[in-house]
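Colleague: sharing a model that was predicted from the sequence below.
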Amino acid sequence: MKTKIIVTNEQLRNRAVQVCGSVPLDTPHVVEIRPYKKNRSEQQNRYYWAIITIIAADLGLTKDEMHDEYKERFLLPIFVRDDAGYAAMVEAVTAADSGLLRQVVALTSTAQCDVKQFTEYLDEIKHNAFSLGIRLPALEDYE
C-alpha cells in the first residue's frame, strides 16, 4: 500500500491518522512527515527546455551541454546555499577530487528544485542570455 496525503486542513489530517491506523502490522511500513514542497511547475519545465535549446543553438552547443553548463554555474550554488547536506557533499567531493564535480553536476537534477529555486535558476539563465545578446521568449508563451 502506498498513500500520499498532503495535509492542508483538519479533514486531511484526520484522513492521514485514519490511514496510519489501518496499516497492517505484519509488514513494516514507513510513515514520513515533512513540510510539503511544491516542485517546479510543468510550465517552468517547458520554458526551461525551450530557452536552453535557443541559447545552446546560439552558442553552438547541444541542449544537454548547455543544461550541464547552467546546472554547474547556477543550480549548484542555489542547492549549496539552501541544503546543508548537499553543500557538505559538494565540499567533500571537491576536496577529494575536483574532477568528480562533473559527476555531481550530472546527478543533480532540476526536478529537485522547488518553484522558488527554479524561478531563481531561470532568472540567472535569462540574465546570462541577455548579457550575451540572446533574445528569449516570455514564460507566459509556455502556458
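Modeller: Arrived safely, thanks for sending.
Colleague: next, count neighbours for the nearest residue to residue 74 once chain neighbours are set aside.
Modeller: Excluding the flanking residues, the one nearest residue 74 by Cβ to Cβ, 6 or more residues apart in numbering is residue 124, at 4.1 Å. Placement of C-beta: from N, CA and C, glycine included. Other residues lying near residue 124 total 16 when counted by other Cβ atoms under 10 Å.
Colleague: name the residues of the helix or strand encompassing residue 124 that come out as buried.
Modeller: Element membership of residue 124 [criterion: DSSP states H and E] is helix 115-131. By neighbour count on 16 or more other Cβ atoms under 10 Å, the buried set for helix 115-131 is 117-118, 120-122, 124-126, 129.
Colleague: circling back: next one, pLDDT for the residue nearest to residue 74 please.
Modeller: In this model, residue 124 is scored at 97, pLDDT.
Colleague: what sits against the most centrally placed residue in the chain?
Modeller: Against the mean C-alpha coordinate of the chain, by Cα atoms, centre = their mean, the closest residue is residue 113 at 2.3 Å. Residue 113 sits next to 39-40, 75, 78, 121 when contact means Cβ atoms under 8 Å, 6 or more residues apart in numbering.
Colleague: tabulate these (a markdown table), appending pLDDT and distance to residue 84.
Modeller: Shown next, in a markdown table, are those (pLDDT from 0 to 100; distance: Cβ to Cβ, whole Å):
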| residue | pLDDT | distance to residue 84 |
| --- | --- | --- |
| 39 | 63 | 20 |
| 40 | 70 | 22 |
| 75 | 96 | 17 |
| 78 | 97 | 13 |
| 121 | 96 | 19 |
